[in-house]
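# sequence-free structure coming up:
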């Protein structure tokens, strides 16, 4: 499915990701297509979708490779 | 600690004579006697900057530049500011506060947003360490931020708009930095700086000062996500600036209510200066609504970021 706009959430843990999606949904100009949400490849999509409740249907998660090298042992 | 409004400053690192200091700190500059500055300077002392070339983003009054040269014994100090008046002020203050080292201060003239000029790029590329203390609260009048706040039914403090007009360094243009993921919690400007430093000086360390009202952990996550290994150098509890709008933090908390991750993100204010009585942003706002002069506190922390090799 095509997305109308995308928002980059790579590097974010769950709470700031939810905040960023909520902020982006307010600015979504084309409400007929979902918002593309760029997330880290190891992101828990199901948990995020659960956090969004009935707005989960308005987004599509798009896994991405990590954008920068992270030192060993760092938590995301 | 250099304190331009006191009549005497600390002696030089070598125990030389004390100086009478009457440096300028006009209303358009960030108050150099603020506890934020004291915290930052203590962190800079701990950062091991002797012999290093240091660039300050947001040079302000020049108080930190003088401190870097005199107390930290930095080899060279560069710096720039969005407000060109401040660069001229910084030059005067460095000549006054660190006269023997002033020839090692090389500010970039004119208005510079972050490090976005060719001259700033060139100086950054020469730097061993980049330091800064940048705004972490979006401009309350920003239309996108206003829409987000209104969606959570959070009112704007009456003083917020006046504060936004009288001090360009107090808030940042939130929507302008929305391509940066950590903008969602007010760190867009800081993340933009990290990415620029990473590009133009990939081996430079960063030392940055933060109000930790969103918690220290998420600030550390921003460093990690941008390729820096973070370490907290120093922290101190300070009083929340009277009149500064905290509705942004209340909005973040309310937006997470009922999502299941609200426990992962709770703003960190305190009712006392020892930090023994934590308050959420909503609790802090309730106290301020009852009496705007209620003292509210939060942590300020200095974080050292070391670049992680690609």
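Thanks, I have it. Note that the structure is predicted; figures quoted are calculated from it, not measured. Numbers count the residues shown, from 1 in each chain, chains lettered A, B, ... in the order given.

# Poorly predicted segments of chain A, please.
Where chain A drops to pLDDT under 70, the residues are A:1, A:3, A:66-76.

# so what's the residue of chain B at minimum distance from chain A closest to, chain neighbours aside?
As assessed by C-beta to the nearest C-beta, chain A sits closest to residue B:225 within chain B, at 2.8 Å. Placement of C-beta: from N, CA and C, glycine included. Nearest residue to residue B:225, sequence neighbours excluded (C-beta to C-beta, 6 or more residues apart in numbering or on different chains): residue A:11, at 2.8 Å.

# That neighbour: neighbour count?
Residue A:11 has 25 neighbours, counted by other C-beta atoms under 10 Å in any protein chain shown.

# A strand includes it, no?
No - assigned with DSSP: H, G, I helix; E, B strand; the rest coil, residue A:11 falls outside any strand and is coil.

# For it, give its distance to residue B:119.
Separation of residue A:11 from residue B:119 (C-beta to C-beta, to the nearest Å) stands at 30 Å.

# again, but for residue B:171
Distance from residue B:171 to residue B:119, by C-beta to C-beta: 26 Å.

# neighbour-wise, which of these two wins?
The neighbour comparison of residue B:171 against residue B:119 (other C-beta under 10 Å) goes to residue B:171, with 24 against 15.

# what are the phi and psi angles of that one?
With angles defined as degrees, to the nearest 10, residue B:171 sits at phi -120, psi 170.

# Identify the spatial nearest neighbour of it, chain neighbours not counted.
Residue B:171 sits nearest to residue B:139 (C-beta to C-beta, 6+ apart), 4.2 Å away.

# now do residue B:275
Nearest-residue entry for residue B:275: residue B:237, 4.8 Å, with adjacent residues in sequence omitted and distances by C-beta to C-beta, 6+ apart.

# element containing the one you found?
According to DSSP states H and E, residue B:237 maps onto strand B:228-239.

# In terms of secondary structure, what does that strand contact?
helix B:35-46, helix B:216-225, strand B:297-307 (3 or more C-beta pairs under 8 Å, 6 or more residues apart in numbering or on different chains; DSSP states H and E).

# Using JSON lines, lay out those together with distance to residue B:70.
As requested, those are exported to JSON lines (distance: least, C-beta to C-beta, whole Å):
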{"stretch": "helix B:35-46", "distance to residue B:70": "11"}
{"stretch": "helix B:216-225", "distance to residue B:70": "28"}
{"stretch": "strand B:297-307", "distance to residue B:70": "18"}
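
# hey, where'd the strands end up in the stretch 101-250 of chain B?
Here the stretch 101-250 of chain B has its strands, by DSSP state E, counting those that start in this stretch, at B:105-111, B:129-132, B:205-211, B:228-239.

# In TSV: those, plus mean neighbour count and mean pLDDT.
Below are these laid out as TSV (neighbours: other C-beta atoms under 10 Å in any protein chain shown; pLDDT from 0 to 100):
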stretch	mean neighbour count	mean pLDDT
strand B:105-111	18	96
strand B:129-132	25	98
strand B:205-211	25	97
strand B:228-239	18	97
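
# which residues touch residue B:153?
For residue B:153, the contact set (C-beta atoms under 8 Å, 6 or more residues apart in numbering or on different chains) comprises residue B:254.

# show me what contacts residue A:55?
Each residue near residue A:55 by C-beta under 8 Å, 6+ apart is listed here: A:21-22, A:25.

# ok, 7 Å please
Residues counted as contacts of residue A:55 (C-beta atoms under 7 Å, 6 or more residues apart in numbering or on different chains) are residue A:25.
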